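**Student:** quick one, fold the following:
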Amino acid sequence: MFRTRDAGKGSLLMRFAPVFAAAAAMLVTGFFATMAEAQEPVPRRNMLQRLFGVFTPQKRIYYEDQYDFPRQPRPRRVQKRRAQPSEPQRSRPSRTAKPRPAIAPPPAPVVVEKSPDAKKVLVIGDFVADSLGDGLEVAFEMTPGIAVETRANGSSGLVRNDYFDWPKVLPDYIAELKPSVIVISLGANDRQGMRTGDVKEKFRTDLWTEEYRERVNAFATLARKDNLPVLWVGMPPFQSTAMTADMVTFNGIYREEVEKVGGQFIDIWDGFVDEEGKFVLTGSDINGQQVRLRGSDGINLTKAGKRKLAFYVEKDIRKLLGEAAATTDVPGAEELKDLVVTAPLANEDIVKTQPISLTDPELDGATALLGGNAPLKSTGKSPRDLLIEKGEVVAAPPGRVDDFRLAKPETVISRPLTRN
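**Tutor:** Just a heads-up that it's a prediction; the model follows:
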């Protein structure tokens with residue numbers, strides 16, 4: 001039997017008709033399912049689901065449709081009430097600011113009033129004298145019996161008497177203040193030419209030096225006119241080498257001329273130089289602490305330098321004024337009046353003797369102690385000479401801690417050895 005091609009095609013379609021129907025049904029179902037899923041939010045896949053293809057879409061459940069949660073009330077906004085013109089404005093305290101602790105004010109300095117009959121110390125001179133007066137005021141601030149009066153002119157001296165004439169104004173200061181001690185400090189401005197009559201001499205010539213020496217002697221004699229104690233304070237070194245050399249010469253003149261009229265020269269040089277005698281800006285103060293003593297210009301003194309400068313003069317003033325030097329910061333100072341020298345000793349009352357060695361008195365040029373009648377006999381060379389010349393040390397007495405000698409052979413008791 002012959003078959004036609006049309007009949008074959010129809011039968012072939014009939015055979016695959018169920019398959020086409022199932023595929024169409026799946027397509028329709030997937031289409032609607034895809035539309036339904038598009039309406040739901042699809043959760044994001046994690047790393048494992050992306051790698052291994054595991055993905056299970058879950059439908060989101062809105063619990064708000066099933067459960068009725070109580071809703072929280074919104075905070076009520078409170079409007080600030082405006083202050084009336086009659087009401088005072090209140091400052092709102094800061095929440096973060098913490099109250100600062102109250103800082104106690106520094107204690108007020110103790111001021112000791114000077115007694116009405118306090119003895120006065122007159123300080124005169126140039127700018128060094130001005131610094132000295134400041135230091136002396138600090139030194140005697142706790143001493144009611146001593147008052148320091150400073151009359152200084154920073155640019156003055158004994159050379160330019162046309163600018164400031166110290167011999168002319170000194171008697172007026174003495175009559176006004178009636179001091180018990182006069183302290184003089186001059187010379188820092190005298191390194192210049194001097195006019196004598198109609199001639200102007202150059203600095204450091206022989207005629208200049210002779211005239212300057214006479215002026216120093218005349219001024220010291222004027223200060224000692226009423227037999228007042230006069231303390232002439234020497235010049236300190238300065239940063240300038242030439243100025244320092246001139247101050248050495250001036251101090252030698254001051255010492256010689258002031259001691260001629262019965263005054264006292266006070267040397268302060270060692271307090272402002274180092275061990276080699278050179279000028280220093282920084283040195284030890286009166287307590288031994290390292291401080292700045294001089295200014296950056298190498299001329300003026302700092303506060304510590306002024307106090308150190310006054311330290312050299314303070315002890316001599318206390319010796320001269322005696323009872324008035326008692327301070328109030330010492331407990332029971334009024335009961336210690338008998339321990340203070342009440343009157344200065346005259347030069348003729350002081351007996352000066354050379355120190356004497358007890359072991360070798362002839363070494364020092366003496367054979368007897370002060371007040372002794374019997375001369376001391378020398379026992380030979382002193383222990384110092386034996387140690388330096390021969391290296392011998394004097395034997396210690398027996399039994400002393402430094403007696404390291406062994407017992408003498410005759411004192412050692414020999415015992416026979418015995419066997420156990």
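**Student:** and Ile124, helix, strand or coil?
**Tutor:** Using DSSP: H, G, I helix; E, B strand; the rest coil, the structure places Ile124 in strand.
**Student:** contact partners for it?
**Tutor:** 150-152, 166, 170, 173, 182-186 (C-beta atoms under 8 Å, 6 or more residues apart in numbering). Using the backbone N, CA and C atoms, a C-beta is placed for each residue, glycine as well.
**Student:** from the residues you listed, pick the one nearest Val111.
**Tutor:** When those are ranked by distance to Val111 (C-beta to C-beta), Thr150 comes first, at 18.3 Å.
**Student:** filter the contacts of Ile124 down to the buried ones and hand me the PyMOL line.
**Tutor:** Buried members of these, identified by 16 or more other C-beta atoms under 10 Å, are gathered into one PyMOL selection as follows:
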select buried, resi 150+151+152+166+170+173+182+183+184+185+186
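**Student:** mind listing which of the contacts of Ile124 are in strands?
**Tutor:** Judged by DSSP state E, the subset of the contacts of Ile124 located in strands is 150-152, 182-185.
**Student:** adding pLDDT, write those residues out as TSV.
**Tutor:** Converted to TSV, the ones in strands among the contacts of Ile124 look like this (pLDDT from 0 to 100):
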residue	pLDDT
Thr150	96
Arg151	96
Ala152	95
Ile182	97
Val183	97
Ile184	97
Ser185	97
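**Student:** check those and tell me the two furthest apart.
**Tutor:** Among those, Ala152 and Ile182 lie farthest apart (C-beta to C-beta), at 13.0 Å.
**Student:** returning to that earlier point: can you redo the ones in strands among the contacts of Ile124 as CSV with distance to Asn251?
**Tutor:** Output for those, formatted as CSV (distance: C-beta to C-beta, whole Å):
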residue, distance to Asn251
Thr150, 22
Arg151, 22
Ala152, 19
Ile182, 18
Val183, 16
Ile184, 13
Ser185, 11
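**Student:** for the chain, which segments count as helices?
**Tutor:** 5-15, 17-39, 47-52, 127-139, 166-177, 206-223, 241-260, 303-321, 383-385 (DSSP state H).
**Student:** okay, now Ala310: neighbour count?
**Tutor:** Around Ala310 there are 26 other residues, counting by other C-beta atoms under 10 Å.
**Student:** that should have said Asp162, apologies.
**Tutor:** Residues near Asp162, counting by other C-beta under 10 Å, number 7.
**Student:** which of the helices of the chain comes out lowest on mean pLDDT?
**Tutor:** Within the helices of the chain, confidence is poorest for helix 5-15, with a mean of 55 (mean pLDDT).
**Student:** which residues are in contact with the closest residue to Phe279 other than its chain neighbours?
**Tutor:** Excluding its sequence neighbours, the residue lying closest to Phe279 (C-beta to C-beta, 6 or more residues apart in numbering) is Pro237, at 4.6 Å. Residues in contact with Pro237 (C-beta under 8 Å, 6+ apart) are 244, 247, 269, 272-273, 279.
**Student:** Phe238 now?
**Tutor:** 244, 247, 279, 298-299.
**Student:** ditto for Glu257
**Tutor:** If you count contacts by C-beta under 8 Å, 6+ apart, then Glu257 has 213, 216-217, 220 around it.
**Student:** can you do 6 Å?
**Tutor:** By C-beta atoms under 6 Å, 6 or more residues apart in numbering, the contact set of Glu257 is 216-217, 220.
**Student:** switch these over to a markdown table; also include distance to Trp232 and neighbour count.
**Tutor:** Output for the contacts of Glu257, formatted as a markdown table (distance: C-beta to C-beta, whole Å; neighbours: other C-beta atoms under 10 Å):
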| residue | distance to Trp232 | neighbour count |
| --- | --- | --- |
| Val216 | 9 | 24 |
| Asn217 | 11 | 16 |
| Ala220 | 7 | 22 |
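**Student:** which member of the ones in strands among the contacts of Ile124 is positioned nearest Leu231?
**Tutor:** Within the ones in strands among the contacts of Ile124, proximity to Leu231 (C-beta to C-beta) peaks at Val183, which comes in at 4.8 Å.
**Student:** quick one: that closest one and Val230 touch, right?
**Tutor:** No - in this structure, Val183 is not within contact of Val230 by C-beta atoms under 6 Å, at 8.0 Å.
**Student:** not counting sequence-adjacent ones, nearest residue to Phe250?
**Tutor:** Gly187 (4.6 Å).
**Student:** try Thr221
**Tutor:** Val261 is the one closest to Thr221 (C-beta to C-beta, 6+ apart), at 5.0 Å.
**Student:** how about the one you found, what does it touch?
**Tutor:** Counted by C-beta under 6 Å, 6+ apart, Val261 has contacts 220-221, 224.
**Student:** how does it look with 8 Å?
**Tutor:** 217, 220-221, 224, 230.
**Student:** about what we covered before: with distance to Asp162 added, can I get the contacts of Glu257 in TSV?
**Tutor:** Formatted as TSV, those follow (distance: C-beta to C-beta, whole Å):
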residue	distance to Asp162
Val216	18
Asn217	20
Ala220	21
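**Student:** which of those sits closest to Arg204?
**Tutor:** Val216 (15.2 Å).
**Student:** settle this for me: the closest one is touching Ile253, isn't it.
**Tutor:** Yes - with contact defined as C-beta atoms under 8 Å, Val216 counts as touching Ile253 (5.8 Å).
**Student:** buried residues in stretch 212-219, which are they?
**Tutor:** 212, 215-217, 219.
**Student:** what separation do you get for Thr205 and Glu211?
**Tutor:** 9 Å (C-beta to C-beta, to the nearest Å).
**Student:** again, but for Arg195
**Tutor:** Distance from Arg195 to Glu211, by C-beta to C-beta: 10 Å.
**Student:** start to end distance for stretch 188-200?
**Tutor:** Distance across stretch 188-200, first residue to last, is 20 Å (C-alpha to C-alpha, to the nearest Å).
**Student:** oh sorry, the question was meant for stretch 178-198
**Tutor:** First-to-last distance for stretch 178-198 - C-alpha to C-alpha - comes to 37 Å.
**Student:** what of stretch 261-275?
**Tutor:** OK, stretch 261-275 end separation, C-alpha to C-alpha: 33 Å.
**Student:** good, we can wrap up now.
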